[in-house]
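1. model this:
(2 chains, ligands or ions: 2)
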Amino acid sequence: MRISYREAMRQALREALANDARVFLMGEDVGRYGGSYAVSKGLLEEFGPERIRDTPLSELGFVGAGVGAALGGMRPIVEVMTVNFSLLALDQVVNSASLLRHMSGGQCSVPMVLRMATGAGRQLAAQHSHSLENWYAHIPGIRVLAPATVADARGMLAPALADPDPVVIFEHAQLYNLEDDLLDDWRCDIARAAVRRPGTRASVFAYGGCLPKALQAAEELAASGIDVEVVDLRVLRPLDIDTIAESVRRTHRAVVVDEGWRSGSLAAEVIARIAETCFYDLDAPPARVCSEEVPIPYAKHLEDAALPQPAKIVAAVKELLNV
Amino acid sequence: MTRARKPAAGALATPPCTSRPADAKPFPLTQPPPKRARKAGRAPGAAEPAERPLELRLLADMLRIRRMEEKCAELYGAGKIRGFLHLYIGEEACATGAMHALAAGDNVVATYREHGHALLRGVAMDAIMAEMFGKAAGCSRGRGGSMHLFDVSRRFYGGNAIVGGGLPLAVGLALADRLQGVCRVTACVFGEGAMAEGAFHESINLAALWQLPVLFCCENNLYAMGTALARSESQTDLCAKAASYRVASFRADGMDVRAVFDTVSRAAQQVREGGGPAFVELQTYRFRAHSMFDPDLYRDKAEIEQWKQRGPIHSFSAQLKAEGSLTEELFLALDAEAEAEVAAAIAFAEQAPWEPVADLLKDVHTPAAADERGAR
Ligand SMILES: Cc1ncc(C[n+]2csc(CCOP(=O)(O)OP(=O)(O)O)c2C)c(N)n1
Ligand SMILES: [Mg+2]
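-> Numbers count the residues shown, from 1 in each chain, chains lettered A, B, ... in the order given. Ligands and ions are numbered 1, 2, ... in the order given. Below you'll find the model as predicted:
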């Protein structure tokens, strides 16, 4: 059945709400408005206002309330409109959710799922377009996921809710309209990266909104006779270094694509891990395609220029291969 | 002082709190001190702690906090306790009156100045002291220290050292209870300094909007580190702030343990009966510096001395003596009992083993098998 990423996410939410009375969804405009990206449209009518809970504009307050509700035995799914706004709640993620278990000597867990949109590409300018996944991927005690396919949009929520610790899910805003056939086999292992396209000459690692770009680049490269592997990182913390290293050992070249800024990026971490793990398998220095180090601009041509694009990925691969 | 509250327009209907949890009985004397300690200082004829009248339990608990913290200061000087240590000396009537006013099944979320609250919620003094020593037998396995005492089995959800950080958690705990049909109060304790944080305003608004059973308990000791209330707040009437969220507001003399007990009892009762959140301001004063690093240069020595005249322990014992319910002999016996408990706790902490460094990474994540949190 062909459905959108948005619809897949909604199915996952509906299933979670229907299967477990402890699950509820809370966030700004998740109810009556239908979700700022229409993900939760219709759920208020189905599950009522106690479980599809509209909140005031209080990111710190309601993300912290999610942490408290998780401590109190619920399985909250907390939605923040975008990663930029999540900074107002970062305190509760970094100073409560992620560390309560350790700081209490193992007495409690925080089984909360925090969902948010991320990423650029819609000319929303600098305060609505950033990719700060690496900020969250830096924090011990949480798991960070980036579904990039319709199947993962459908399949990641259930295991995230089953995880007894906090899980942050980044939904790239450019993906919501992505459509694909949802096969029966959408269940997801949230410990493993996924090879999306096998190949031999180089490994292109990407996640979230950059995965379709990497796949497009792979198509273009294939047209000129260069067969590359595309790996969807999809679990940003803890990184699945086994899958990453296996791929590098097959292809001996690595390009990491990341919509975050280059300095201190997730791409930097992936490359460091590759260097630590399989340095001698590399035939060339690893390369990165990241966002330019500029706040994401409004004008379309500038925004396009700031972001990783298929052409930049193609060029990076060709440079690695000296072609 | 009480202000009437009307439910906010558009608030979700609150299911009335009909069923009381089995454990919602008045809070008995928290944790009987260990046997050896009780024996050591008991005056001939003094009653078992749990059988004493409330007044004596309040006095005894203030003494337990005071004696424990005095030793903490010494142990800090001796290098046994390190890090930040925030003493509560002078403020004991607040925790004592408030914790006694709660039921055993209620939730408490506290700050870094929480030794007394933890103790009176029933965390053993041994475990508190061991935590401050950083030992594995500490109530947070030595991971937390003075600022992060936890005992989830007693529904004590921590010492939170982010000013205002515990308030959203309290809202969430209360929301979880509401969604699960559990009737209990979640009390969060914080200083007046926290009322300048966005977290306070966001939390009290959410609690009022959703009519959640949260008791906001503000210990107004007039200073946030070195910043006096009037230097940080345009509106220094704290009850007025809470009332502006349509939350019932109460104020009590935080140096008078009976007043605190009565006021918090009334506020908690209202919350328990489904009246939505309540706010209590306890007007108090800390006699010591903010923390062990604070040279205390921002207030007059005379001001401190003036407040000390109203010290909660001696003023309450003087009252009880005047009323004929306390003798000097009994006071000394209670005091000796507290000192013996402290001595035993220190001895326990001293000999307790350290957590092996091999366990450093323990408890960052929940083990796969322990999918459900254990301590409910
Ligand atoms: C968010 C945050 N900002 C600053 C601090 C540093 N700090 C610790 S305690 C404190 C004063 C808080 O005063 P108050 O809330 O009145 O509580 P009190 O210490 O008087 O009990 C400050 C500024 C902190 N821990 N957290
Ligand atoms: Mg203060």
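2. so where's chain B shaky on pLDDT?
-> Applying pLDDT under 70 to chain B picks out residues B:1-46, B:369-376.
3. near ligand 1, which residues of the stretch 151-300 of chain B?
-> Residues of the stretch 151-300 of chain B lying near ligand 1 by C-beta under 6 Å from any ligand atom: B:161-163, B:190-194, B:221, B:223-225, B:290. The way it works is simple: take the backbone N, C-alpha and C, and place the C-beta from them, glycine included.
4. now, of those, which are buried?
-> Among those, those scoring as buried are B:161-163, B:190-194, B:221, B:223-224, B:290 (criterion: 16 or more other C-beta atoms under 10 Å in any protein chain shown).
5. in what helix or strand does B:Leu332 lie?
-> B:Leu332 belongs to helix B:328-351 when elements are defined using DSSP states H and E.
6. check A:Asn134 too.
-> Secondary structure from DSSP H and E places A:Asn134 in helix A:133-137.
7. can you give me the offset of that helix from its chain's centre?
-> 10 Å (C-alpha atoms, centre = their mean, to the nearest Å).
8. please name every helix or strand in contact with it.
-> Judged by 3 or more C-beta pairs under 8 Å, 6 or more residues apart in numbering or on different chains; DSSP states H and E, helix A:133-137 is in contact with strand A:143-145, strand A:167-172, strand A:235-237, strand A:254-261, helix A:266-278.
9. now the helices for the chain?
-> Just so you know, I chose chain A. A:5-19, A:43-47, A:59-71, A:83-86, A:90-92, A:100-103, A:133-137, A:150-155, A:157-162, A:210-223, A:241-251, A:266-278, A:300-306, A:310-321 (DSSP state H).
10. wait, chain B was what I had in mind.
-> Secondary structure of chain B (DSSP H): helices at B:35-41, B:54-77, B:92-101, B:115-120, B:125-133, B:166-179, B:198-209, B:238-243, B:257-272, B:301-308, B:312-323, B:328-351.
11. ranking the ones you listed by burial, who's on top?
-> Counting by mean count of other C-beta atoms under 10 Å in any protein chain shown, helix B:166-179 has the highest mean neighbour count of the helices of chain B, with a mean of 30.
12. and the stretch 151-300 of chain B, which residues reach ligand 2?
-> B:191-193, B:221, B:224 (C-beta under 5 Å from the ion).
13. in strands only, show me those.
-> Of those, the ones assigned to strands by DSSP state E are B:191, B:224.
14. give me the subset of the residues of the stretch 151-300 of chain B next to ligand 2 touching chain A.
-> Residues of those in contact with chain A (C-beta under 8 Å from any C-beta of the partner chain): none.
15. what parts of the stretch 201-350 of chain B come near chain A?
-> Residues of the stretch 201-350 of chain B lying close to chain A by C-beta under 8 Å from any C-beta are B:202-203, B:205-206, B:209.
16. would you turn these into TSV with distance to B:Ala73?
-> Listed next are those as TSV, based on distance: C-beta to C-beta, whole Å:
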residue	distance to B:Ala73
B:Glu202	35
B:Ser203	32
B:Asn205	38
B:Leu206	38
B:Leu209	42
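17. any idea how far stretch B:73-87 is from the chain center?
-> The answer for stretch B:73-87 is 20 Å, by C-alpha atoms, centre = their mean.
18. and stretch B:362-371, by the same measure?
-> On C-alpha atoms, centre = their mean, the centre of stretch B:362-371 falls 29 Å from the chain's centre.
19. hmm, who's touching it?
-> Outside stretch B:362-371, the residues that touch it by C-beta atoms under 8 Å, 6 or more residues apart in numbering or on different chains are A:101-102, A:105-106, A:109, A:140-141, A:162, A:164-165, B:141, B:143, B:373.
20. 10 Å instead, please
-> Defining contact as C-beta atoms under 10 Å, 6 or more residues apart in numbering or on different chains, one finds that stretch B:362-371 is touched by A:98-99, A:101-111, A:140-143, A:162-166, A:238, B:140-141, B:143, B:355-356, B:372-374.
21. what about B:Arg143, how many neighbours?
-> Applying other C-beta atoms under 10 Å in any protein chain shown, we find 23 other residues in the vicinity of B:Arg143.
22. and if you look at the one 4 residues further on?
-> As a burial measure, B:Met147 scores 25 neighbours (other C-beta under 10 Å).
23. contact residues of the stretch 201-323 of chain A facing chain B?
-> Residues of the stretch 201-323 of chain A lying close to chain B by C-beta under 10 Å from any C-beta of the partner chain are A:Pro238.
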